[in-house]
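# Sharing a model that was predicted from the sequence below.
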Amino acid sequence: MSNNALVPAGSRLPQPRAWVHPGPIQAQRITHCIAPQGRHLRIALPRGATLFDGLVQPLAALGIHNAAFNILAGEFERLVYCVAPPDPTGRVAAAYTEPNDAGQSYLLAANATLGSNEAGQPVVHCHAGLRDSNGRLRGGHLLPQACVVGRHGLVAFAVELQGFAVQVGYDPETTLSFFKPTTLADASGRSAMHRESRQ
Amino acid sequence: MNYSVESGKTGRIAYVRVAPNEDLVGAVAAFCKAEGFRHAFVRGSLGSLIDACLGGADGATQQIGGPAVEILSIGGEVRTQDDGSLAVALSGVVADAQGLLYGGPFVAGHNPVLMTFELTLEEWVPQAG
């Protein structure tokens, strides 16, 4: 599909496209971990905090290293994001652009996940819609270390992902690395097997 | 006005990764069915689609061409109906490959994942009686 289109009511929708990735198709299509419960938290981020520190540090102080966030709207002194157009090299389906610095902006809505990389360092994956300083609506993948909370602070609601880990792992199908749900045994490298949905 | 208020509590919390070419709405339904989540609240989820298909006014739909269409914010719920079937309602805001925004409900069967999709689902357990 090269263009956007409106399909009138009653018209047949086009078949959704499939995308052929460079690696072998993985048999597991839906992987998951389930916690019997998890703490719910409200975090107030102060002016001047980076989005990364503001989400990671308060939870780390509570011993929480895996969480999902709903971030409420608010002003930022600086918002930096990437979009993902088709990869010009054709190696993968889409690749992130160089960062767009939207400067002083208003975050409209955002969702994020806190997990870790292979080295155990915290990683925040965050997508957001924003209104830039020219009033334009834009959005994409935020660079949380470069985003700075504005003068009124910011509120995020978090739910702890308890008893398992969200870790960056290599995905053979796309040949890229993404967050994956990982049992704690897997996370510490002692055993195998993600749980799979029965389909 | 007849308002309906249901008391309940949050049950299990799931983090789900959906692989490429799977339908977003279908994946939520498949997961809930497999794991016995009768009702659920969808929160804190993000990922990319090949193309997006959003419900518009008066039954029209809006096609947003990718790749990639990034889902920026999404919310919704899963409800088990009286006949035992699952109703999945998801809506949200997406950005096209230029970063322009669109929003609306995701049409079932027409929102294939491009790279990965991360879902966080909270089971909703209504209070008996």
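Yep, it's here. Quick caveat: nothing in here was measured; it's all calculated off a predicted structure.
# from the chain's centre, how far out does stretch A:40-50 sit?
Distance of stretch A:40-50 from the chain centroid (CA atoms, centre = their mean, to the nearest Å) equals 18 Å.
# tell me how far the ends of it are from each other?
Terminal residues of stretch A:40-50 are spaced 22 Å apart (CA to CA, to the nearest Å).
# which parts of that stretch are buried?
Neighbour-count burial for stretch A:40-50, counted by 16 or more other CB atoms under 10 Å in any protein chain shown, picks out A:Leu41, A:Ile43, A:Leu45, A:Ala49, A:Thr50. Using the backbone N, CA and C atoms, a C-beta is placed for each residue, glycine as well.
# In a markdown table: those residues, plus secondary structure and pLDDT.
Listed next are these as a markdown table, based on DSSP: H, G, I helix; E, B strand; the rest coil; pLDDT from 0 to 100:
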| residue | secondary structure | pLDDT |
| --- | --- | --- |
| A:Leu41 | strand | 98 |
| A:Ile43 | strand | 98 |
| A:Leu45 | strand | 98 |
| A:Ala49 | coil | 98 |
| A:Thr50 | strand | 98 |
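# Which member of the residues you listed is positioned nearest B:Asp83?
The closest of the buried residues of stretch A:40-50 to B:Asp83 turns out to be A:Leu41 (CB to CB; 37.5 Å).
# For the buried residues of stretch A:40-50, could you give me CSV that also reports distance to B:Gly66?
Formatted as CSV, the buried residues of stretch A:40-50 follow (distance: CB to CB, whole Å):
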residue, distance to B:Gly66
A:Leu41, 34
A:Ile43, 32
A:Leu45, 31
A:Ala49, 33
A:Thr50, 29
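# out of the residues you listed, which one sits closest to B:Thr10?
Closest to B:Thr10, out of all of the buried residues of stretch A:40-50 and judged by CB to CB, is A:Leu41, at 13.1 Å.
# wait, doesn't the closest one sit right on A:Glu160?
Yes - using CB atoms under 8 Å, A:Leu41 is in contact with A:Glu160, at 7.2 Å.
# Which neighbours do the two have in common?
The contact sets of A:Leu41 and A:Glu160 overlap at A:Leu59, A:Ile64, A:Ala67 (CB atoms under 8 Å, 6 or more residues apart in numbering or on different chains).
# Quick one: neighbours of the last one, just the number.
Other residues lying near A:Ala67 total 29 when counted by other CB atoms under 10 Å in any protein chain shown.
# OK, contacts around it?
With CB under 8 Å, 6+ apart, A:Ala67 has these contacts: A:Leu41, A:Leu55, A:Leu59, A:Thr113, A:Leu114, A:Ala158, A:Val159, A:Glu160, A:Leu161.
# what's the distance between the helix or strand hosting A:Leu55 and the middle of its chain?
Element membership of A:Leu55, judged by DSSP states H and E, is helix A:51-61. Mean-position distance between helix A:51-61 and its chain equals 15 Å (CA atoms, centre = their mean).
# any idea of the mean pLDDT for that helix?
Helix A:51-61 comes out with an average pLDDT of 98.
# Pull the most distant pair out of the contacts of A:Ala67.
Greatest spacing in those, by CB to CB: A:Leu41 and A:Thr113 (14.6 Å).
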